[in-house]
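>>> here is a sequence together with a model predicted from it:
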Amino acid sequence: MKLAIVAVGHKQPAWVQDGCDEYLKRLPRELAARVVEIKPEPGGSKTREQVQAAEKTRIRQVLGTGKQRVVALDEKGRDLTTRQFADALQEWMRSGDDTALLIGGAGGLDAELKNSAADLIRLSSLTLPHGLARLTLCEQIYRAISLLKNHPYHRE
């Protein structure tokens, strides 16, 4: 299975990029993961909906038309424990379908993207800066696979 973290935002601080690179390189071969950056739409005089619509178009271009599971990250999504996230990741891997995890821009994800997603999850009840959300997701993917492989990284 290929896993893509499709994140609106660019020019992240080096510590975000370095952290994501570190966690993703630790993943096993059967879980190839990468971060795909989407250029954010400038706000200016545009409404939130206009910005989200423009970003949705860019996200859809990256997703393409191939068969894949889309999971949107949203503050109103399901709150998962690490074990539940690991179980979800295991199920995604078992299905063999590629999976895209979407992280929206400052204004969030377009409602149509969220509604069409296979699942809607959240990382935290706290509001996280974009870079920290990206890094947290990369770490949680590594933690989940470590848990599934009985690696001592995760302790319950």
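Structure received. Residues are numbered from 1 along each chain as shown.
>>> helices or strands next to the lengthiest helix in the chain in the packing?
For the chain, the helix that runs over the most residues, judged by DSSP state H, is helix 130-148. Helix 130-148 is packed against strand 2-8, helix 14-25, strand 32-38, helix 82-95, strand 98-103, with contacts defined by 3 or more Cβ pairs under 8 Å, 6 or more residues apart in numbering; DSSP states H and E. Backbone N, C-alpha and C define where each C-beta goes, glycine included.
>>> run through the bridge partners of the residue most central in space within the chain.
In the chain, the C-alpha closest to the average C-alpha coordinate belongs to Leu101, at a distance of 3.3 Å (Cα atoms, centre = their mean). Applying DSSP bridges to Leu101 gives these bridge partners: Ile5, Val71.
>>> how many neighbours does Glu30 have?
When neighbours are counted by other Cβ atoms under 10 Å, Glu30 registers 8.
>>> Validate this expectation: it resides in a strand.
No: with DSSP: H, G, I helix; E, B strand; the rest coil as the criterion, Glu30 is coil rather than part of a strand.
>>> show me the contacts for it.
Residues touching Glu30, when contacts are defined by Cβ atoms under 8 Å, 6 or more residues apart in numbering, comprise 1, 93.
>>> so for it, what pLDDT did the model give?
On the pLDDT scale, Glu30 is placed at 88.
>>> check His154 too.
His154 is assigned 67 on the pLDDT scale.
>>> re the thing from before, buried sites along the longest helix of the chain?
130-148 (16 or more other Cβ atoms under 10 Å).
>>> do you know how far the nearest residue to Gly104 once chain neighbours are set aside is from Gly108?
Of all residues not flanking Gly104 in the chain, Val8 sits nearest, at 5.5 Å (Cβ to Cβ, 6 or more residues apart in numbering). Val8 sits 9 Å away from Gly108, taking Cβ to Cβ, to the nearest Å as the criterion.
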